[in-house]
Each structure stands twice: as structure tokens, then as C-alpha cells.
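>>> sequence unavailable; structure follows:
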């Protein structure tokens, strides 16, 4: 008898502490969920920070996480198209279906760059909805934070006031740092990126992009393309940026030919990042692109 | 409610115009002034926000404008989603093109029962267009998703592969699928050919489940229970059991032998005649590793087959068997996801064991009444093990060993006759030019047992695959 009582007590105690189970796709979305949700959410990140979030597989462990989620926070704009819809569908969790409050897509909350481009795959793995790498723009992330606060409020009204407050604090923190980033990126020599995944940052801080190592998105760099880039950029200053998971060879060759430095920068902050770590991640990018490191 | 956000947006243009000002001191002063200004306003707004929140009862607020619930990019742009997979091979072998035929007639318990003889795996030496897969999928309404897969052969003949609905809104991790679909048993059974790591189907699947794997018309209930960090999937399916090499009812006896014969096949039982159960378990091994175990069983409560071998031997008596069949299998999949780009360093290992048993009795015999009721018990098993490794960006090497007929016997009322096994080694080299196209080179060396003789068959393929339309999903 006593153990039944203990069990009931245990269960009710658990129910009282019930937190929202938030599953996010990328580390930066995890940062937002933690910043906005605070202690009221438990955040699980599906895509490791050191992988291309576009190229994952719907693993059983992801399906397991989604099965118990109250909210999934995705980047959207087809970034997770190859695995998230399949994982959500397999998770048999009707709360997370597209269009329900349990499905949140950051890309739907902001205006995207490169939207309404030709959906022609001769141009590579293009996303007609727009470029999905919006997490590189702290201002758009602020807008997403505000929208996420509203979504948390809709899911659990008691969370609303705190979530909105925390989201506006994040926005204020971004505003605090913008002038610093602006002034540091002024006069940046420009950059050759591996993939079109930092254009929200270069766009925000008016850093010139001289080109991409990939001839078209999703296609690895070839010798001919590198030659074209080299001859076009000869004599100009700049930096070459790649992520740790992208092959080093092409970046080194181009940088060597042009006498530019190569910066290895992460695409995402760490999986447990809070706002501070996210801002440091942006600091590293701004410093890297500005030629200071 | 989102005034801080609006404020933030309103401030932005100010920053960018300020940026153009060359006088740094002036700029700094301006920034400082604005900063103090917006900080005090922000604090004020936060206070007002808190007061407003305190007044409004929780839950009654309408959807705020800043959260765009309806506008998502996922899956709503094209309806239905359509995708097409083009698949072609250049083929050659050391048997003047006969190796494909041999693979269809391996010694085993299902020998000679390829249904309707449709030319699924038929290949000419040289260029071949394989089946073109056309897939449609869409959400029907809040309650159902539906999918349709068509296979078009090189002559334009269309075959309906799968057409099914899935429930969307069932609670407690339950899902129902109904229609014609690939069973969830095993690892490879539910995969379409374009997601295979090799050009052709494995020997145990081909000989024990048939060219398509287990695909039938029926209903599935699957359940994803709450099992901590472990992924557990339990499924149960009921199928008509009509077109399987181990589950078939109501075959026609040849008309020309009917009058001189003994016995007859029982009436076709009402469906469903085939049931399956399966379980899959996967521990959470972190970001780099994925591991899944599976176990399944299938039982057909009515199976009938007609043996008419007069083409090969005019003196062979036509006879028919009926009874039940049982199958089971186990599978294990491991995948390592390396941080490298374009699949470099990725590794996968998949292995499956399958075993089939047909417990039949003679129901009809052309010439011998004494054999009616005589028992015939057939057993055959097989396994495959295959690995792939991404040795360079976009390049994958695959190695496979598959065998069928390790146990390969017929028990005719106590007298057991055994058949030999057939096995094969396969090497494949796959180059993915982009996410949407691939070229594969595959060579295999097989020791096949055909009509009691061992044949050594070497096969060579160059395959291309192109994927058009909706962005495909990569399952585990």
C-alpha cells in the first residue's frame, strides 16, 4: 500500500514540475529556446553543431525525442527537409504536425534572403523558400525570439509574461552589441565562403562576399571553379572561410593562390549555448571576417 | 506586446545611417545617447508589459500578430509532392546474359513459383532502363496522409507498387496504415530500390520474400511506446496474403489435367490470411552512432501452390499443395555519421537473417490418389551482411556477402531431401554527383545452385539514378 502511495505522490510531484519538452533542430535554435523558455523548458538539440544540418538522417533516437515533445523548433526553409518531416511523421506525435502550435519554424517568422529564386536545380540544391541560414543574423534571431515567446505563451499561457520578457531582453542584448559588430566589420576586406551559409551575417554588416568555393550550392569545389575564382580575385584583399566539416583542400588552395588567410569558423554555436555563447560565436565570425583574430 | 521588437527594428536604420558618419566621436556620443534612451524606454515597456499580462487572464488572448503560425515552409508549397526516380543500368555477365535467369531459378523451396512470371529483374546485356518510380504524397485532411508509388517499366507498363493512407492524429504514439504497402518487417523490406546501397536485391529477400519483398494489401497498427531513451517500435499487420511466394490462395489448376486426377484444393479462405508482427529497438548512442535491432515473424494461415513442371519434364505429374507458412527474421543496422562533408567517413553496417517454413500437404495429384494428404515440409533460410564506407567526399564503397539456402530442405513424410545454397560477393562503388544524382559501379561473383548444379556467375553493372521533384527524405 505504501509504495502505491509513494508512486502516486511521485507522479503528482512530477506533474507539478512539468516542463515543456522542446526539441530543436540546430544549436542556435536551442539557444533561442533556452533563452526564451528559461527553466520552463527542457531543450533537446537534434543536429550536432559540427555537422551540416541539411545532410542528416532521421535516426531512431530523433524519433524517440520527437515522440514526447510538446514543441519542435525548426529552422525551416527546407533546411531540415531531408530528415525532419520523416522523423516527425514516424514519431506519431500529432502535436508536432505542420500547422499545429507544436510546430515552430524560424524561417516563417522573418523575411528571408534569396527568396523567390528560380527553383532550378541546375543552380544546385537551392531552396525556393529562401536561404535558410538566418541564424547568422542576430536581428532576425531577435524577431524569432519574440515569435517563439508568443508560441510558448500559446502552448502554456502561464509561461507568456516571462517568455516575452526574456525574449525582449535577448532583443535588447542584440541591440547592445550591434554597434560593436557594425564598427568592427567596417572596412572588412571581404570574404570567399564555402557555402552560402553566412550571407545573413555579411548582409547585416555590409561585408562584401567575393564568391563561394562551391560552384553551385551542394556541389563540391572543382579545379576549374577555383581557377576562375583565383583569376577574378587576384590582387584583392580578403579571407577564405570554411567550417571544420568542410574539406580543407579547396580553401587552402584558393587562399594560397591569393595570399589570403583561411579562417575555420563553426556554422553553429555549441549545442548547449546560451545567448552569451551565441554572441561570442558571432564575435568570432565578425573578427574573422574583419581580418582580426 | 511586441513593442520592444518594433523598437529594435525602428532603431536599426539609425545604426546604419550612423555608420556612414566618419566622425567617430560624434558617433559614439550619439550611440551612447540612444542607448540610454532606448534602455529607459525598454524598461518602461517591460513594466507596462508585465502590468498588461497581469490584467489579462491566461489563455484568453488571441493569436498575436508576431507569431506566424500558418506560414511555414515545410511541405506546403507543392501539393501533392511529386518525385520521380530515373534508374538505368549497363549490364553484363559471364553467362551470355543467363545469370539473371539463374538468379530467378535458384534451388530452394520457392523454386519455380515466381508469380505471373512478370519480368521484374529481367536485364539484357547492354543498356537497360529499369523501373522508373513515380511517387505522390500529400496530406489528405487533418486526419490522414496518403502516398502513391507507381513503377513504370521500359515499355511503358505501369504497376501500382504502393498506395496507402497513414493516420495523423491518433494519440499515444499509435499509427494506422492501410492500403497496399510494403510491410514493416526486416530492415530492407520497406526500402524502395532507389535507397538501396547496391544495384540489386539480396539473395535471401529474392528467394524467401520475392522480388518486391513482402508487399500486400492490408492494414497496419504501429505503436511507439514511451520507453525512456530507447526507441521502440511495435507493429502488427494483417494482409490479404494473395500474391506472396509463401502466401497465396486460390491458384488455378491446369484445365487439361483435371479429369484424370485425384483430390483438389480447398476453397480460398476469407482474408486476411497473412499476419505479421515486428519490433524494432534502438538505443540512443549520441550524435555519431545509430544502432537498431529488429525482430519479426509472419504467418500465412492458407497457402496453396500448384506444381506443374511439364515444361521441363513432360512426364512430371501435376500436383498441388496447401497448408500454412511461417517466416521469421532478425536484423541489425549500425550507422556511424562522421563530421566530414558530403558523406566522407560515414560508415554503415546492415545484416539480416531470414527463415521460411512451409508446412504443406498434397491436396491434388494428377496420377496418384495415394499421395493425397502426404505431408511436405519445406524450410529455407539465408542472410546478408553489407557495409558501406564514404572513403572520399561523395564517394562510397560497399561490400556485401549474401547467401540463401544454408538450410534448404524438403521433408516428404520423413524422407528429407536437401538442396545446395547459393552465395555471392558484391563490390559497389557509388559516386553521388549531387544530392540528386548518382553513378554506381557494381561487380559481383556468385556461386549459384541451379537444378542441382553449381554455376559461377559474374555480374557487372553500371547504374545511374536521377531524382526529380520533391526533396527526398533519408530514412534510417
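All right, it came through fine. On a predicted model such as this, the values are computed, not experimentally measured, just so you know.
>>> could you pull out the strands in the stretch 351-476 of chain B for me?
Per DSSP state E, counting those that start in this stretch, the stretch 351-476 of chain B carries strands over the ranges B:375-392, B:395-412, B:415-418, B:422-434, B:437-450, B:453-469.
>>> ranges for the helices of the stretch 201-350 of chain B?
Assigned helices in the stretch 201-350 of chain B, in chain order: B:203-204 (criterion: DSSP state H, counting those that start in this stretch).
>>> what residues does it put near chain A?
B:222-224, B:226-227, B:229-231, B:233, B:280, B:282-285, B:287-288, B:290, B:292, B:335, B:337, B:339-344 (C-beta under 8 Å from any C-beta of the partner chain). (C-beta placed from N, C-alpha, C; glycine too.)
>>> ok, now with 6 Å
B:224, B:231, B:282, B:284, B:287, B:290, B:292, B:339, B:341 (C-beta under 6 Å from any C-beta of the partner chain).
>>> of the residues you listed, which is the most crowded?
If you count neighbours using other C-beta atoms under 10 Å in any protein chain shown, the busiest of these is residue B:231, which has 27 neighbours.
>>> what distance do you get for it to residue B:281?
7 Å (C-beta to C-beta, to the nearest Å).
>>> for residue A:253, same thing?
Applying C-beta to C-beta, the value for residue A:253 to residue B:281 is 47 Å.
>>> can you list the low-confidence ranges for chain B?
B:1-31, B:33-66, B:68-78, B:112-121, B:258-260, B:471-474 (pLDDT under 70).
>>> got it, and chain A?
Where chain A drops to pLDDT under 70, the residues are A:1-18, A:117-127, A:291-293.
>>> and the helices in it?
For chain A, the helices defined by DSSP state H occupy A:2-16, A:27-37, A:60-67, A:84-90, A:138-155, A:160-185, A:199-204, A:223-233, A:248-258, A:275-289.
>>> what's in contact with the shortest one?
When you say that, I think you mean helix A:199-204. Residues outside helix A:199-204 that contact it (C-beta atoms under 6 Å, 6 or more residues apart in numbering or on different chains): A:113, A:134, A:136-137, A:209, A:285.
>>> for those, which single residue is the most surrounded?
Among the contacts of helix A:199-204, residue A:134 has more neighbours than the rest - 26 neighbours, counting by other C-beta under 10 Å.
>>> now do the contacts for that residue.
Residue A:134 sits next to A:110, A:140, A:200 when contact means C-beta under 6 Å, 6+ apart.
>>> wait, isn't the first one in contact with residue A:143?
Translated: residue A:110. Yes. Counting by C-beta atoms under 6 Å, residue A:110 does reach residue A:143; the two are 5.1 Å apart.
>>> ok so, going back, considering the contacts of residue A:134, which possesses the most neighbours?
residue A:200 (24 neighbours).
>>> grab the nearest non-local neighbour of it.
residue A:137 (3.7 Å; C-beta to C-beta, 6 or more residues apart in numbering or on different chains).
>>> before we move on, what about residue B:318?
In this structure, residue B:318 finds its nearest non-sequential neighbour in residue B:366, 4.3 Å apart by C-beta to C-beta, 6+ apart.
>>> before we move on, the earlier item: so which of the contacts of helix A:199-204 belong to strands?
residue A:209 (DSSP state E).
>>> ok, back up a step: can you tell which of the strands of the stretch 351-476 of chain B is closest to residue B:142?
The minimum distance between residue B:142 and the strands of the stretch 351-476 of chain B falls on strand B:453-469, with 25.1 Å, by C-beta to C-beta.
>>> that closest one near chain A at all?
No. Taking C-beta under 6 Å from any C-beta as the criterion, strand B:453-469 and chain A are apart, separated by no less than 8.5 Å.
>>> so what are the domain limits for the chain?
All of this is about chain A. A:19-177, A:185-289 (automatic domain parsing).
>>> meant chain B actually
With automatic domain parsing as the reference, chain B has domains B:3-52, B:83-129+B:162-469.
>>> kindly report the residues of the stretch 1-150 of chain A close to chain B.
With the criterion set to C-beta under 6 Å from any C-beta, the stretch 1-150 of chain A comes near chain B through A:48, A:50-51, A:57-61, A:63-64, A:67, A:76-77, A:81-82, A:85-86, A:92, A:94, A:98, A:105, A:107-109, A:125, A:129, A:142, A:146-147, A:150.
>>> and what of the stretch 151-293 of chain A?
Close to chain B, as judged by C-beta under 6 Å from any C-beta, the stretch 151-293 of chain A has residues A:151, A:157-158, A:161, A:168, A:171-172, A:175, A:178-179, A:182, A:218-220, A:245-247.
>>> from the residues of the stretch 201-350 of chain B next to chain A, pick the one nearest residue A:29.
residue B:287 (15.6 Å).
>>> not counting its neighbours along the chain, what's nearest that closest one?
residue A:48 (3.8 Å).
>>> what's the neighbour count on that neighbour?
Residue A:48 has 19 neighbouring residues, counting by other C-beta under 10 Å.
>>> then residue B:196?
So residue B:196, with other C-beta under 10 Å, has 17 neighbours.
>>> again, but for the one 4 residues further on
Using other C-beta under 10 Å, residue B:200 has 25 neighbouring residues.
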